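> Below are the sequence and a predicted model; questions follow.
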Number of protein chains: 2
Amino acid sequence: MSVIYDRVALIGLGLIAGSMAHAMRDGGLAREIVGYARSAETRDIAREIGLCDEVFDSAAEAVKGADLVVLAVPVGAMGDVAAEIAPHLKPGATVTDVGSVKQSVIDAVAPHLPEGVHFIPGHPLAGTEHSGPRSGFAGLFRNRWWLLTPLPDSDEAAVQRLTGLIVAIGAKSDRMDPAHHDLVLAVTSHAPHLIAYTMVGVADHLRRVTDEEVIQYSAAGFRDFTRIAASDPTMWRDVFLHNKEATLDILGRFTEELFMLQRAIRMGDGQQLFDYFTRTRAIRRGIIEAGQDTNAPDFGRSGETKAAKE
Amino acid sequence: MSVIYDRVALIGLGLIAGSMAHAMRDGGLAREIVGYARSAETRDIAREIGLCDEVFDSAAEAVKGADLVVLAVPVGAMGDVAAEIAPHLKPGATVTDVGSVKQSVIDAVAPHLPEGVHFIPGHPLAGTEHSGPRSGFAGLFRNRWWLLTPLPDSDEAAVQRLTGLIVAIGAKSDRMDPAHHDLVLAVTSHAPHLIAYTMVGVADHLRRVTDEEVIQYSAAGFRDFTRIAASDPTMWRDVFLHNKEATLDILGRFTEELFMLQRAIRMGDGQQLFDYFTRTRAIRRGIIEAGQDTNAPDFGRSGETKAAKE
């Protein structure tokens, strides 16, 4: 591997930025990695574990002289951060972000950035239910998609260079229109997360009634939901507020379908249920064929298997 | 390990029965394991892979002389099977089932069974999204709950003996009232499955519009849903039809909560979203503390990790 950026500044030091730091260091992809986080506690932990070469007390200081600036803060905080760092950016620097929503980040960030700075919005499709500076690991992006949504006037050489970093980190890179990205992610990620949060909320309600049994006997389906619903609350609040229209559209479709199945249950229409469930199997096959998952029979059992191996 | 039952008859040779066969053989828990499946193809595969010591062409033949009969067919088929085997059951034999719903199975099975036969309904909280005679494996039940819902007049010695088998297989055993079981499972398993099916159905609709992108870029949340939604259609059709009231109750609560969150998104009420998402994190913690999962940061990545290790 060879150095792709001399100096990388990570703004925000959570799961994604931390994993990038580990991956870039492992691959020797940056000569220097510096960082900033809003919380003093996060900065202290980052210093303690040596997450970056240097952790600054302000975003403005952190971005000075950086060839690549990565905005890894909740989507709702992107605009303010951009306004703060804009006067301190090095001419010719690339600014990217890792937000789960793209159009609203573009609207919030782009107006602040000076000419001669390349803004290339991005979104790595990777994560765990953990957050904070200790949660990152180098393998997080391995074989995952990292979508870029360049602007019409984005510099092609700068996009290529950033793509080089993404690929060197182990991810697969692709480009997409920002609005289209937001629709695709609404159905594959944002709506499913809200639904998981909701189902866990319902269980929370019943848990008080049934004296911990709901937790004690939680089967595989529900365990997967709780994993999703344990994700960072600030990040997800911002995702929903900033991808409002697409999320509400998908949720509308979802409740229509759910009511149809609910009615089939009430009416005892087994054929309709059977046909529906048979159709959904095909999607699963498609996902395996598209290489985003494997067919290994470990549904809900991964943690245990892992623990058993350790 | 020592032999617990001389002769075990498995009626139905899918994931659960197959896994029981492997586990009982590994542990030397039964002197003889015989089986029956309705489909000739399943019987042929079971013979080919030596799943049982003998596979019969009728359930009546299979249960002859068996000390333990395990009904491992979809919930909706339990009654017919019970009627068919009843005249052929050995006096003093134990009949159990592995259905995901208990009250309706009791209503369907109990009236057919002769006096002197011990009926002890059961439900192992274990599964994968795979089905059929090839899908079983001995470790499926390891550290999982296996709930028994004995009837008021169930013979205690017979219940203890069955519990001995369950524990020897590696599962944790507990007893529960049938109706209460059905409510707990509605919230932890049945409603989540229907929701996962629905979300995958919505994506299927959009998939045609977005030319495979929904599959190509499916993020972790959605991948987990597709895994759930790939489960056996017949089994799940029967679960919903036979746990109708509890499932509809939970779905009603679910849509109320979802509409509240949907409204918060529409109104831009970030505080309400944040508070809700913070609450759901506590449930996740509860599940980890209850020992049903681990805290390992491998959300949606298990298959990959496994593949990489192989």
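Looks like it arrived, so ask away.

> So for A:Ala37, what's the nearest residue that isn't a sequence neighbour?
What sits nearest to A:Ala37 in space, not counting adjacent residues and going by Cβ to Cβ, 6 or more residues apart in numbering or on different chains, is A:Leu13, at 4.1 Å. Every C-beta, even on glycine, is put in place using the N, C-alpha and C of the backbone.

> residues contacting that neighbour?
A:Ala21, A:Gly35, A:Tyr36, A:Ala37, A:Thr42, A:Arg43, A:Ala46, A:Leu51, A:Cys52, A:Val55, A:Ala72, A:Pro133 (Cβ atoms under 8 Å, 6 or more residues apart in numbering or on different chains).

> Which pLDDT value does the model give the fourth one?
The reference is to A:Ala37. At A:Ala37, the model reports a pLDDT of 98.

> And the strands in the stretch 101-250 of chain A?
For the stretch 101-250 of chain A, applying DSSP state E, counting those that start in this stretch gives strands covering A:118-124, A:145-148, A:172-175.

> Tell me if the second one is near chain B.
If I follow you right, that is strand A:145-148. Yes: shown here: strand A:145-148 in contact with chain B (Cβ under 8 Å from any Cβ of the partner chain) through A:Trp145, A:Leu147.

> Adjacent strands (with direction) for that strand?
Using DSSP bridges, strand A:145-148 pairs in its sheet with strand A:118-124 (antiparallel), strand A:172-175 (parallel).

> State the number of residues packed around the residue nearest to A:Phe141 when sequence neighbours are not counted.
What sits nearest to A:Phe141 in space, not counting adjacent residues and going by Cβ to Cβ, 6+ apart, is A:Ala171, at 4.2 Å. Residues lying near A:Ala171 (other Cβ atoms under 10 Å in any protein chain shown) number 22.

> again, but for A:Arg263
Around A:Arg263 sit 12 other residues, with neighbours defined as other Cβ under 10 Å.

> how far out from the middle of the chain is the strand or helix carrying it?
Using DSSP states H and E, A:Arg263 sits in helix A:244-267. Computed by Cα atoms, centre = their mean, to the nearest Å, the chain-centroid distance of helix A:244-267 equals 25 Å.

> What's the first helix or strand after it?
Once the chain leaves helix A:244-267, the next helix or strand it forms, by DSSP H and E, is helix A:270-289.

> Now do the same for that next one: mean pLDDT, whole number.
The average pLDDT within helix A:270-289 is 85.

> wait, the residue nearest to A:Phe141 sits on A:Asn143?
Yes: counting by Cβ atoms under 8 Å, A:Ala171 touches A:Asn143, with 7.5 Å between them.

> Near chain B, which residues of the stretch 51-200 of chain A are found?
Within reach of chain B by Cβ under 8 Å from any Cβ, the stretch 51-200 of chain A has these residues: A:76, A:125-130, A:135, A:137, A:142-143, A:145, A:147, A:174, A:180, A:183-185, A:187-189, A:191-200.

> Report the buried members of these.
Among those, the ones that count as buried by 16 or more other Cβ atoms under 10 Å in any protein chain shown are A:76, A:125-130, A:135, A:137, A:142, A:145, A:147, A:174, A:183-185, A:187-189, A:191-200.

> Tell me which of these fall in helices.
A:183-185, A:191-200 (DSSP state H).

> Please produce JSON lines containing the residues you listed, extended by distance to A:His88.
Listed next are these as JSON lines, based on distance: Cβ to Cβ, whole Å:
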{"residue": "A:Leu183", "distance to A:His88": "35"}
{"residue": "A:Val184", "distance to A:His88": "34"}
{"residue": "A:Leu185", "distance to A:His88": "31"}
{"residue": "A:Ala191", "distance to A:His88": "38"}
{"residue": "A:Pro192", "distance to A:His88": "38"}
{"residue": "A:His193", "distance to A:His88": "34"}
{"residue": "A:Leu194", "distance to A:His88": "37"}
{"residue": "A:Ile195", "distance to A:His88": "41"}
{"residue": "A:Ala196", "distance to A:His88": "39"}
{"residue": "A:Tyr197", "distance to A:His88": "37"}
{"residue": "A:Thr198", "distance to A:His88": "42"}
{"residue": "A:Met199", "distance to A:His88": "45"}
{"residue": "A:Val200", "distance to A:His88": "42"}
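
> Widest-spaced pair of these?
A:Leu183 and A:Val200 (25.4 Å; Cβ to Cβ).

> can you give me the helices for the stretch 1-150 of chain A?
Here the stretch 1-150 of chain A has its helices, by DSSP state H, counting those that start in this stretch, at A:15-27, A:40-48, A:59-63, A:78-85, A:103-109.

> packing partners for the longest one?
Helices and strands touching helix A:15-27, by 3 or more Cβ pairs under 8 Å, 6 or more residues apart in numbering or on different chains; DSSP states H and E, are strand A:5-11, strand A:30-36.

> who wins for proximity to chain B among these?
Closest of these to chain B is strand A:5-11, at 19.3 Å (criterion: Cβ to the nearest Cβ).

> out of the helices and strands packed on helix A:15-27, nearest to B:Asp6?
Taking Cβ to Cβ, strand A:5-11 is the member of these nearest to B:Asp6, at 65.7 Å.

> okay, that closest one in CSV with CA atoms only?
Extracted C-alpha coordinates of strand A:5-11, given in CSV (Å, rounded to 0.1, in the frame of the first residue of the first chain):
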residue,chain,number,x,y,z
TYR,A,5,-3.3,11.5,1.5
ASP,A,6,-0.6,13.2,3.5
ARG,A,7,-2.8,14.5,6.2
VAL,A,8,-6.3,13.3,7.0
ALA,A,9,-8.5,15.2,9.5
LEU,A,10,-11.4,13.2,11.1
ILE,A,11,-14.1,15.5,12.4
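
> which residues touch that strand?
A:17, A:20-21, A:24, A:29-36, A:52, A:59, A:62-63, A:65-73, A:81, A:85, A:94, A:161, A:165.

> Partner strands of it and their direction?
Assessed with DSSP bridges, strand A:5-11 is paired to strand A:30-36 (parallel), strand A:68-71 (parallel).

> Distance from the chain centre to that strand, please.
Computed by Cα atoms, centre = their mean, the chain-centroid distance of strand A:5-11 equals 19 Å.

> swap in stretch A:72-86?
On Cα atoms, centre = their mean, the centre of stretch A:72-86 falls 16 Å from the chain's centre.

> how is chain A carved up into domains?
A:5-176, A:180-293 (automatic domain parsing).

> just to revisit the earlier point, may I see the strands paired with strand A:5-11 arranged in JSON lines, with mean neighbour count as well?
JSON lines is the format used below for these (neighbours: other Cβ atoms under 10 Å in any protein chain shown):
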{"stretch": "strand A:30-36", "mean neighbour count": "22"}
{"stretch": "strand A:68-71", "mean neighbour count": "28"}
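
> The ones you listed: which one's closest to B:Ser231?
Of all the strands paired with strand A:5-11, it is strand A:68-71 that lies closest to B:Ser231, at 39.5 Å by Cβ to Cβ.

> just to revisit the earlier point, which of the strands of the stretch 101-250 of chain A sits most buried?
strand A:118-124 (a mean of 24; mean count of other Cβ atoms under 10 Å in any protein chain shown).

> Return that strand as PDB; C-alpha atoms alone will do.
The C-alpha coordinates for strand A:118-124 follow below in PDB (Å, rounded to 0.1, in the frame of the first residue of the first chain):
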ATOM      1  CA  HIS A 118     -13.500  19.600  -3.500                       C
ATOM      2  CA  PHE A 119     -16.700  18.500  -1.800                       C
ATOM      3  CA  ILE A 120     -17.400  14.800  -2.500                       C
ATOM      4  CA  PRO A 121     -20.300  13.500  -0.300                       C
ATOM      5  CA  GLY A 122     -20.100   9.900   0.700                       C
ATOM      6  CA  HIS A 123     -21.800   7.100   2.600                       C
ATOM      7  CA  PRO A 124     -20.200   3.900   3.800                       C
END
